[in-house]
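> Model the following, please.
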Amino acid sequence: MWGNSGRPVLIAFTAAFTGLIAIGSWISVPFIPVPLTLQTLFVILSGAVMRRYAVLPNGLYVLMGALNIPVFHSGTAGIAVLLGPTGGYILGFIPGALVTGLAYEHRNRCVRITGIILGLAIIFLCGMTWLSFSAGISLSTAFLIGVLPFIPGDAVKGYAVYIIAGRLEALAGQGGDL
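Alright, predicted model coming up:
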């Protein structure tokens with residue numbers, strides 16, 4: 001920690017976002033086969049706040065769940081969840097947050113909005129692909145049941161991320177770099 005003033009901030013953000021993603025998993029509306037949660041809000045927000053380092057809390061979240069710590073939706077845990085119909089979405093958190101984070105390293109508003117959209121799209125793509133494979137259904141059916149119903153809610157979450165990240169940056173005053 002000596003000589004690197006950004007490391008304690010990085011550790012604090014990693015802990016905070018790991019916790020927020022886990023809490024977001026408990027705010028769940030049962031849907032079949034994939035529940036509606038607030039996780040994606042915190043996953044994408046981690047990218048907007050932590051930039052490329054958003055892979056840390058998302059990777060830690062996945063690792064904790066894989067190690068049977070009950071952090072996945074509704075307190076589930078284990079490799080079985082990652083191999084089940086929701087596993088692709090959960091694993092998609094890592095590249096989704098990374099893409100959003102890389103976009104937020106730019107000051108351009110259009111790049112940032114595109115990053116949010118691409119981050120959510122990557123989560124959907126990973127989830128839809130794994131849902132199709134794990135449930136033995138076609139990609140079009142996986143899209144209809146595992147993506148389409150969630151687009152309106154995730155559009156609202158994406159807008160919320162953009163607003164919240166902008167407010168946090170304004171509070172930080174210097175652009176919010178780690």
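> show me the contacts for the residue most central in space within the chain.
The centre of the chain sits closest to V43, judged by CA atoms, centre = their mean, with a distance of 2.4 Å. V43 makes contacts with I21, A54, N58, F93, G96, A97, G119, I123, as judged by CB atoms under 8 Å, 6 or more residues apart in numbering. Every residue, glycine included, has its C-beta placed from N, CA and C.
> Could you work out the most separated pair of these?
The most widely separated members of these, counting by CB to CB, are I21 and G119 (13.6 Å).
> returning to that earlier point: quick one: which helix or strand includes the residue nearest to the centre of the chain?
Using DSSP states H and E, V43 sits in helix 39-50.
> any idea of the mean pLDDT in that helix?
Across helix 39-50, pLDDT averages out at 97.
> Name the helix or strand of this protein that has the lowest mean pLDDT.
In the chain, no helix or strand scores lower on mean pLDDT, DSSP states H and E than strand 28-29, which sits at a mean of 78.
> So in that sheet, which strands flank that strand, and in what orientation?
Sheet pairing of strand 28-29 (DSSP bridges) gives strand 36-37 (antiparallel).
> from the middle of its chain, how far away would the partner strand be?
Taking CA atoms, centre = their mean, to the nearest Å, one finds strand 36-37 lying 12 Å from the centre of the chain it belongs to.
> Residues in contact with that strand: which ones?
By CB under 8 Å, 6+ apart, strand 36-37 touches G24, S25, W26, I27, S28, V29, H73, P149, F150, G153.
> Okay, buried residues for the longest helix seen in the chain please.
Ranked by number of residues, the top helix in the chain under DSSP state H is helix 109-135. For helix 109-135, the neighbour count (16 or more other CB atoms under 10 Å) marks 112, 115-128, 130-132, 134 as buried.
> Convert the C-alpha atoms of the helix holding V43 to CSV, please.
Coordinates of each C-alpha in helix 39-50 appear next as CSV, following Å, rounded to 0.1, in the frame of the first residue of the first chain:
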residue,chain,number,x,y,z
GLN,A,39,-27.4,-7.4,-10.3
THR,A,40,-26.9,-6.0,-13.8
LEU,A,41,-27.4,-2.5,-12.4
PHE,A,42,-24.4,-2.9,-10.1
VAL,A,43,-22.3,-4.9,-12.6
ILE,A,44,-22.6,-2.1,-15.2
LEU,A,45,-22.2,0.6,-12.5
SER,A,46,-19.0,-1.1,-11.4
GLY,A,47,-17.7,-0.6,-14.9
ALA,A,48,-18.7,3.0,-15.0
VAL,A,49,-17.0,3.8,-11.6
MET,A,50,-14.0,1.4,-11.6
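> how distant is it from the center of its chain?
6 Å.
> can you give me the helices for this structure?
6-26, 39-50, 55-66, 79-83, 87-103, 109-135, 139-146, 151-172.
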